[in-house]
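Undergrad: Below are the sequence and a predicted model for it; my questions follow.
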Amino acid sequence: MGKLKLGIPRALLYYFYYPFWEKLFSELDIELIVSNYTSREQLDKGIKYSISEICVPIKVYIGHVLDLINQGVDYVYIPRIISIKKNIFLCPKFLGLPDMIKNSIPEIENKILTHQITAKDDSLAGFKNYLGMADKLNISKWKLFWALQKANSHWQEHRKTQLQVNIDKKVLTIALIGYVYNIYDRFINMDLLRHLREMGINIVTFEMVDSQIIEQEVKLFPKPMFWEFTNKLLGAGYHFLKSPDIDGIIYVSAFGCGPDSILGSFLEIDANQANKPFMTLRIDEQTGESHLLTRIEAFVDLLKLKKS
Amino acid sequence: MGNIYLGVDIGSVSINIVAIDEENRILFKLYTRNSGQPVELVKDGIQQLRIKLNNKIKIDGVGVTGSGRQLVGYILGADIVKNEITAHAMATTYFYPETGTIFEIGGQDSKLIIVKDGIATDFAMNTVCAAGTGSFLDHQAERLGIPIEEFGDLALQAKRDVRIAGRCTVFAESDMISKQQYGFTKSEIIKGLCRALVRNYMNNLVRNRNLQGKYIFQGGVAANLGIKAAFAEEVGEKIIIPEHYNVMGAIGIAQLAKAEIKKTGKNTSFKGFNITKDSFETTSFNCEGCANSCEVIKVQANGQTIAMTGDRCGKWSDQINHKKREQQETGS
């Protein structure tokens, strides 16, 4: 029997946890297949299979799952990540992700590899979360246990490298506040990062902020947000508001995102008070680049005037 | 004759061309409706400029702005191609150094620009909805059978106030119909619409911002006295409409072109008045290089490809840019 082929959708938390998954499954001798980069065709398929009210990141995810089925994988890995910190949860769409996929894509049948993850410290490595998986994949618990340890230390190293940021004060620095799947999906945000880099902009994101700083900022609120990554963005956002190295903040939000409706309002009001230039970019299914370019170009012009 | 700088604003509804001199005086000004043939309209406008100035001119710099700026920028050989927010802010702060707030409403966008000490410090643009823009008014004027030019004046004749829902064109329309059925007059309905549009603008763009005077209102919709009155009522202060309210973007980009030429010390890359004789052709095709199947737009001048755009990866547009760089380097 050849190696088991496991598909990972290049969407949602792929952009945060992929180094972990890559190490974990290669330690388990499983062949990983990551879906192709988001494209027009993939998004169109995702839209077709989705319920219409859902946010665009989920539509993208569905497109990626379809792509993997098409590539003939044995399973698509869709964990149900419930919580990575005590009493704080992920957005309900993550909690119901495997069910939603089962409902949206009947063709997937029993090709979903799923399990529940509840953790206390961002790490997905807690052994208890994976108990059923050893049987399903026909591997020993010991092997699984050690693979998790290795994957965890690999991922922790990766996170440390993300924290090493040098800010060149001679050029403009913009903080991008947005979920990883909106910031790093080049198709869905119309290559925002490339456009900013071409304008010579230094970019910082929440992953570059020490999690202790983020937590301190969140503690200043009478109560935290209900959702994990919203909290991370909130904490990082307030840190950036206070940081003199940050010339401006661009907040990238998917149309119809519930958590963002609260986060965005907080940041917008306090950016105003902190006198920090702030702009919201809303992303959805549209693909015309000119509106995006007009906005970021005008924003950058404004920051340049302010800095000079 | 002194130096002359050309500013071109390619908007969704209008195409505007101005020529300014070294002292920012307006030598020529043209506002035309965009009938969907921007290249022809620009050629025509440049021809008019030449006639107006008796052929005796040399252009020293060209700037292009507006949503169609890329394409026309290639065709004219623009020295600067910039977004319309920066262009508008430039012109307005020149004419009114004490500007605090700029309301700009055009065909398909509305913008808010906040200015402090003559420098733009913040802006907002309508996001997903066209309810607060010129197209909305155009549409409703048509429905009521009133020419758009008379629309605003009629609003001032209203005797009573009636509230029209402004959230969305579809709701506004059904609200208008029912209010007409209750017996409100056309002018009252129009006044209600103007106030709805301004309310929508305040909700979507101004939001929690603290506005400061002077208040400048520009863009094509500034011709509408009903909207001006509704803005004045909303902010409780006088609203200033600049003399050149409908071509401020073009003036701003002409000024930016002048600044660019001064800064770089280069000669203009303007292709010259002969472009009015050139034939331009725009075609598009779907690139099948990957699953994105981008619609690539190709612009040809006299059979030679001068620009390609619309590809996400740069497969086509980079070829052209590369060729241009090579030509510049070899000096040909």
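TA: Received it, and whenever you're ready, just let me know what you need.
Undergrad: Contacts for the helix or strand harbouring A:Ser261 next, please.
TA: Taking DSSP states H and E as the criterion, A:Ser261 maps to helix A:258-274. With contact meaning CB atoms under 8 Å, 6 or more residues apart in numbering or on different chains, helix A:258-274 is reached by A:91, A:177, A:225-227, A:230, A:233-234, A:237-238, A:241-242, A:249, A:251, A:253-254, A:277-278, A:280, B:207-210. The way it works is simple: take the backbone N, C-alpha and C, and place the C-beta from them, glycine included.
Undergrad: Please, a ChimeraX command that selects the buried ones among these?
TA: Provided next is the ChimeraX selection string for whichever of those are buried by 16 or more other CB atoms under 10 Å in any protein chain shown:
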select /A:91,177,225,226,227,230,233,234,237,238,241,249,251,253,254,277,278,280
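Undergrad: Next one: the closest residue to chain B within the stretch 51-200 of chain A from A:Asp284, what distance?
TA: Residue of the stretch 51-200 of chain A nearest chain B, by CB to the nearest CB: A:Asp191 (6.8 Å). As judged by CB to CB, to the nearest Å, A:Asp191 and A:Asp284 stand 16 Å apart.
Undergrad: Check B:Ala257 too.
TA: Spatial separation of B:Ala257 from A:Asp284 under the definition CB to CB is 34 Å.
Undergrad: cool, and B:Asn210?
TA: As defined by CB to CB, B:Asn210 lies at a distance of 30 Å from A:Asp284.
Undergrad: rewinding a little: the residue of the stretch 51-200 of chain A closest to chain B contacts B:Cys313, doesn't it?
TA: No. Here A:Asp191 does not reach B:Cys313: they are 9.2 Å apart, not a contact under CB atoms under 8 Å.
Undergrad: Of these two, which one has the most company?
TA: When A:Asp191 and B:Cys313 are compared for neighbours, A:Asp191 comes out ahead with 18 against 14, by other CB atoms under 10 Å in any protein chain shown.
Undergrad: Setting aside sequence-adjacent positions, which residue approaches that one most closely?
TA: Excluding its sequence neighbours, the residue lying closest to A:Asp191 (CB to CB, 6 or more residues apart in numbering or on different chains) is B:Arg312, at 6.8 Å.
Undergrad: per-residue confidence for the residue of the stretch 51-200 of chain A closest to chain B?
TA: Note on A:Asp191: pLDDT of 90.
Undergrad: Chain A: helices as residue ranges?
TA: Using DSSP state H, the helices of chain A run over A:14-27, A:40-49, A:56-70, A:92-95, A:97-104, A:131-136, A:141-163, A:180-183, A:192-198, A:211-219, A:228-242, A:258-274, A:290-307.
Undergrad: can you tell me which of those comes nearest to A:Lys169?
TA: helix A:290-307 (9.9 Å; CB to CB).
Undergrad: neighbours around residue 217, how many?
TA: Going with chain A. Here the number of neighbours of A:Glu217 (other CB under 10 Å) works out to 20.
Undergrad: I was thinking of chain B, sorry if that wasn't clear
TA: B:Phe217: 21 neighbours (other CB under 10 Å).
Undergrad: Shouldn't it be within a strand?
TA: Yes. Membership of B:Phe217 in a strand is supported by DSSP: H, G, I helix; E, B strand; the rest coil.
Undergrad: from the helices of chain A, which stretch is densest packed?
TA: Greatest average neighbour count among those goes to helix A:56-70 (a mean of 24), per mean count of other CB atoms under 10 Å in any protein chain shown.
Undergrad: Not counting its neighbours along the chain, what's nearest the most centrally placed residue in chain A?
TA: For chain A, the residue nearest the mean C-alpha position is A:Val180 (2.9 Å; CA atoms, centre = their mean). Nearest residue to A:Val180 in three dimensions, chain neighbours excluded: A:Tyr15, at 3.8 Å (CB to CB, 6+ apart).
Undergrad: isn't that neighbour right up against A:Tyr184?
TA: Yes. Using CB under 8 Å, A:Tyr15 is in contact with A:Tyr184, at 4.5 Å.
Undergrad: what residues does the stretch 51-200 of chain A put near chain B?
TA: A:187, A:190-191 (CB under 8 Å from any CB of the partner chain).
Undergrad: now do 7 Å
TA: Residues of the stretch 51-200 of chain A lying close to chain B (CB under 7 Å from any CB of the partner chain) are A:Asp191.
Undergrad: If anything else comes up later, I'll come back, but that's it for now.
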